[in-house]
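Engineer: Sequence and predicted model, in that order:
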Amino acid sequence: MKALVFESPGKPVVKEVPIPSIKDSEVLIRTRAVGICHSDYELLGGRYIIPISYPVVPGHEWCGEVMAIGSLVSGLQVGDRVVGECVVETPERLNHFGFSMDGADREYFAVQPEWLHKLPANLDDTTGSLIEPFTCGYYAVMRSGGTNASETVVVSGGGTIGLCSAAAAVGMGARVIVIDPLERRRAAAIALGAAYALEPTDKVIEQVMALTGGKGAELVIEASGHDSSLEKVFDFAAEEGRVSMVGISLDRKVALNLGKIQMRNLTVRGCIGSPGVWPAAIRFLEKTGIDLSPIQTHRFDLKDAIEALNVPPSECIKVTLTND
């Protein structure tokens, strides 16, 4: 079968590898769609938040089809469409699927059934491949108490996680303002239901205040991790507002006026990943009918994965690999 393999930092190849056999406790999955994440580029560059080794098959945002089931597995049938969590327990240790262990950028792979969730019939395969980032955006909102139609939510950063956070907040009824420098991302935010999409100019704080009657947003989601966004994040918040820090900013040092947290009585929470929310997030997508397709801008067959990796970030939002 074909697989995308990062043989070493900076060296991706598509190559033939053996189709895996499964143990009695495992399930064989045929890949249907896999998203390329910013973290995959970090992995290719030799960086990740936990220790990694090479070669490794990337791919942690995936949807697939059950092809074979071990004799000890129950609750699944051949033909079921499934998605899988990426922070998983293995006999050796806690692993990150697609990082510290081989992932889904291959035609077939073996998994433990406890990592899996069935995909509802009304969600297509490419939406399925967005479940993982959507759970992160959903978690970013829920970790700070969720939201509702009485609130304004500001999302600073319109990458995949920011747009998924915006979609989750829209689905909960909030009025959403997305801030991002790229027109493509701002257009996607509006298509997802955001009320406004603003450029991060030196007037953006005044714009947010004008749109909220001088009050600010009840919930602010920092989803970029960039210095300019981090410097402004508290200025978007209303008195007694909540701030959810989801953008990865490891080792970043930015001058912040921490007194704003006290003076505005803010609640600030950090969050990473999506622990414990997968079933709820999948039901949320199923019941609300939110269309995540504006996030997906490019598709390539798995055999063309190197070409997919070379799409400039400024020209795409989410690149998806398919196994047709």
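Structural biologist: Great, that's in hand.
Engineer: shaky segments in the stretch 51-200 of the chain?
Structural biologist: By pLDDT under 70, the stretch 51-200 of the chain contains no weakly predicted segment.
Engineer: For the stretch 201-324 of the chain, give me the ranges with low pLDDT.
Structural biologist: Ranges of the stretch 201-324 of the chain meeting pLDDT under 70: 249-250.
Engineer: could you pull out the helices for it?
Structural biologist: 204-211, 227-232, 259-263, 278-288, 305-309 (DSSP state H, counting those that start in this stretch).
Engineer: Nearest approach to Leu76 belongs to which of those?
Structural biologist: When the helices of the stretch 201-324 of the chain are compared by CB to CB, helix 278-288 sits nearest Leu76, at 15.4 Å. All C-beta spots, glycine's among them, are computed from the backbone N, C-alpha and C.
Engineer: what's next to the closest one, contact-wise?
Structural biologist: 83, 85, 117, 119-120, 122-123, 127, 131, 134-135, 138-139, 142, 168, 171, 274, 290, 292 (CB atoms under 8 Å, 6 or more residues apart in numbering).
Engineer: Let's see that with 7 Å instead.
Structural biologist: By CB atoms under 7 Å, 6 or more residues apart in numbering, the residues outside helix 278-288 that reach it are Glu85, His117, Pro120, Asn122, Leu123, Ile131, Phe134, Thr135, Tyr138, Gly171.
Engineer: How about stretch 188-204?
Structural biologist: Here stretch 188-204 makes contact (CB under 7 Å, 6+ apart) with 158, 163, 166-167, 170, 175-179, 181, 186, 207, 211, 228, 294-295, 317.
Engineer: Recalculate using a threshold of 8 Å.
Structural biologist: 155-156, 158, 163, 166-167, 170-171, 175-181, 185-187, 207-208, 211, 228-229, 232, 290-292, 294-295, 317.
Engineer: Quick one, which of these are buried?
Structural biologist: Among the contacts of stretch 188-204, the ones that count as buried by 16 or more other CB atoms under 10 Å are 155-156, 158, 163, 166-167, 170-171, 175-181, 185-186, 207-208, 211, 229, 232, 290, 292, 294-295, 317.
Engineer: Give me the subset of those residues lying in strands.
Structural biologist: Mapping the buried ones among the contacts of stretch 188-204 onto strands (DSSP state E) picks out Val155, Ser156, Arg175, Val176, Ile177, Val178, Ile179.
Engineer: so how far is Glu286 from the fifth one?
Structural biologist: If you measure Ile177 against Glu286 using CB to CB, to the nearest Å, the figure is 27 Å.
Engineer: who's in contact with Cys271?
Structural biologist: Contacts of Cys271 were listed using CB under 8 Å, 6+ apart, and they are Tyr139, Ala140, Arg143, Ser244, Met245, Val246.
Engineer: Provide a list of residues in contact with the nearest residue to it once chain neighbours are set aside.
Structural biologist: In this structure, Cys271 finds its nearest non-sequential neighbour in Arg143, 4.5 Å apart by CB to CB, 6 or more residues apart in numbering. By CB under 8 Å, 6+ apart, the residues touching Arg143 are Ser244, Arg269, Cys271.
Engineer: Now with 10 Å, please.
Structural biologist: Ile221, Arg242, Ser244, Met245, Val246, Arg269, Gly270, Cys271, Ile272, Ser274, Pro275, Val277 (CB atoms under 10 Å, 6 or more residues apart in numbering).
Engineer: Quick check: phi and psi on it?
Structural biologist: Backbone torsions of Arg143, given as degrees, to the nearest 10, read phi -60, psi -20.
Engineer: Stretch 275-282: which residues count as buried?
Structural biologist: Buried residues in stretch 275-282 (16+ other CB under 10 Å): Val277, Trp278, Ala281, Ile282.
Engineer: ok so, going back, can I get the helices of the stretch 201-324 of the chain in TSV with distance to Lys15?
Structural biologist: Below are these laid out as TSV (distance: least, CB to CB, whole Å):
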stretch	distance to Lys15
helix 204-211	46
helix 227-232	39
helix 259-263	51
helix 278-288	32
helix 305-309	11
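Engineer: which stretch among these comes nearest Ser71?
Structural biologist: Among those, the nearest to Ser71 by CB to CB is helix 278-288 (26.0 Å).
Engineer: picking up where we left off before, if we only consider the buried residues of stretch 275-282, which is nearest to Ala238?
Structural biologist: Val277 (25.3 Å).
Engineer: can you tell me how far the closest one sits from Pro120?
Structural biologist: Val277 sits 16 Å away from Pro120, going by CB to CB.
Engineer: and what of Ile272?
Structural biologist: Per CB to CB, Ile272 is found 26 Å from Pro120.
Engineer: And Val141, by the same measure?
Structural biologist: Note on Val141: its distance to Pro120, by CB to CB, is 20 Å.
Engineer: Tell me which of the two has more neighbours.
Structural biologist: A direct count of neighbours by other CB atoms under 10 Å for Val141 and Pro120 places Val141 higher, at 28 against 14.
Engineer: Let me see the contact set for the spatially most central residue of the chain.
Structural biologist: Computing the C-alpha centroid of the chain and ranking residues by CA atoms, centre = their mean puts Pro133 first, at 1.9 Å. Taking CB under 10 Å, 6+ apart, we find Pro133 in contact with 35, 37-38, 60-61, 159-165, 274, 292, 295, 318.
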